[in-house]
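[1] curious how this folds, go ahead:
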Amino acid sequence: MVRFVLLVLVVIIDFIVIIPFEIIGYAIGLFSMKARNAYMKVLMTVVLSVLQFLSGAKVKFIGMEKIPQDQAVLYVANHQSFFDVILTITRLPGLVCFVAKKQFKKIPIFYQGLDLYNTLFIDRDNVKEGLKTILEAIERIKGGMSVFIFPEGTRSRDGNMNEFKEGSMKIATKSGCPIVPVAITNTAEVFENHFPKVRGVPVIVEMLDPIYPEDFDKTEQKHLGKLCKERIEAARDINYEKYCK
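    Numbers count the residues shown, from 1 in each chain. Here you go, the predicted model:
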């Protein structure tokens, strides 16, 4: 309960303190988007590292060496908790934009920070608007910026993974970038499963072997989401048994 109170206080303080830093980020962007992106990555890393520390989560990263270093990639991950992003974003190399649900646009200050960090907001209830976001993500990849998406579309409420939406895979098949499946294990035990308590439990984030769309024919490419889900689910189950029980 103490961790929960501390996290709430820090989030409230962040919302207040971060405003001038967001203004600085916006001003930097007027002259150089490259400089703004670098600035915002440092700012987000600092803020999220503090939240991670206060959560007490013992995060273990596996397979970071598998991430291609010479090109942008599409990260696809299972989604269990609000902590999924908090516990992963600080360790990903290069520039990475997240695809988040449009509801976050309704949160003042928080939304502006995400927007400055190149976050893409997707409306999953509107096919036309959702497609626009996918097309924008493809352009980000082509411009050298990696994209991180949760193809389930929402957090799993019961621990079982939902189906991966195949439309998300178009970001890779249309841009030609590798797909890096990310298996996130035990984040729901940090918060959601024990609300309002925050527990310092083991969390495993594993980068799996990249999937290269060009290695599959057009029919097989229509099922890359299913392939990613199967690999992530298997790795998640193994990591839970090995590190979290």
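
[2] use CA for all of it now, contacts and neighbours both
    Will do.

[3] so the nearest residue to residue 57 once chain neighbours are set aside: helix, strand or coil?
    Counting by Cα to Cα, 6 or more residues apart in numbering, the nearest residue to residue 57 once its immediate chain neighbours are dropped is residue 200, at 4.1 Å. Reducing the assignment to helix, strand or coil with DSSP: H, G, I helix; E, B strand; the rest coil, the entry for residue 200 is coil.

[4] residue numbering should commence at 8 henceforth.
    Noted, 8 is the first residue going forward, which turns the last one into residue 207.

[5] ok, residue 207 - how many residues close by?
    Counted with other Cα atoms under 10 Å, the burial measure for residue 207 works out to 19 neighbours.

[6] so what's it scoring on pLDDT?
    Model confidence at residue 207, given as pLDDT, is 88.

[7] can you tell me how far it is from residue 249?
    Distance, residue 207 to residue 249, using Cα to Cα, to the nearest Å: 17 Å.

[8] equivalent analysis for residue 228, please.
    The value you get for residue 228 to residue 249, if Cα to Cα is used, is 32 Å.

[9] quick one: the residue nearest to residue 64 and residue 62 touch, right?
    Yes - taking Cα atoms under 8 Å as the contact criterion, residue 207 and residue 62 are neighbours in contact, 6.0 Å apart.

[10] related to what we said a few turns ago, more crowded one of residue 228 and residue 249?
    Between residue 228 and residue 249, counting by other Cα under 10 Å, residue 228 is the more crowded of the two (20 against 9).

[11] pull the number of nearby residues for the closest residue to that one other than its chain neighbours.
    Taking Cα to Cα, 6+ apart, and ignoring the residues beside it in sequence, residue 228 has residue 220 as its nearest neighbour in space, at 6.5 Å. Residue 220 has 21 neighbours, counted by other Cα under 10 Å.

[12] before we move on, what about residue 235?
    Other residues close to residue 235 by other Cα under 10 Å number 25.

[13] look up how far residue 52 lies from it.
    To residue 52, residue 235 is 27 Å away according to Cα to Cα.

[14] now residue 221
    Using Cα to Cα, residue 221 is found at 33 Å from residue 52.

[15] and the helix or strand hosting residue 142, what other elements does it pack with?
    Secondary-structure element containing residue 142, defined by DSSP states H and E: helix 134-149. Based on contacts counted as 3 or more Cα pairs under 8 Å, 6 or more residues apart in numbering; DSSP states H and E, the elements that helix 134-149 packs against are strand 127-129, strand 153-156, helix 177-182.
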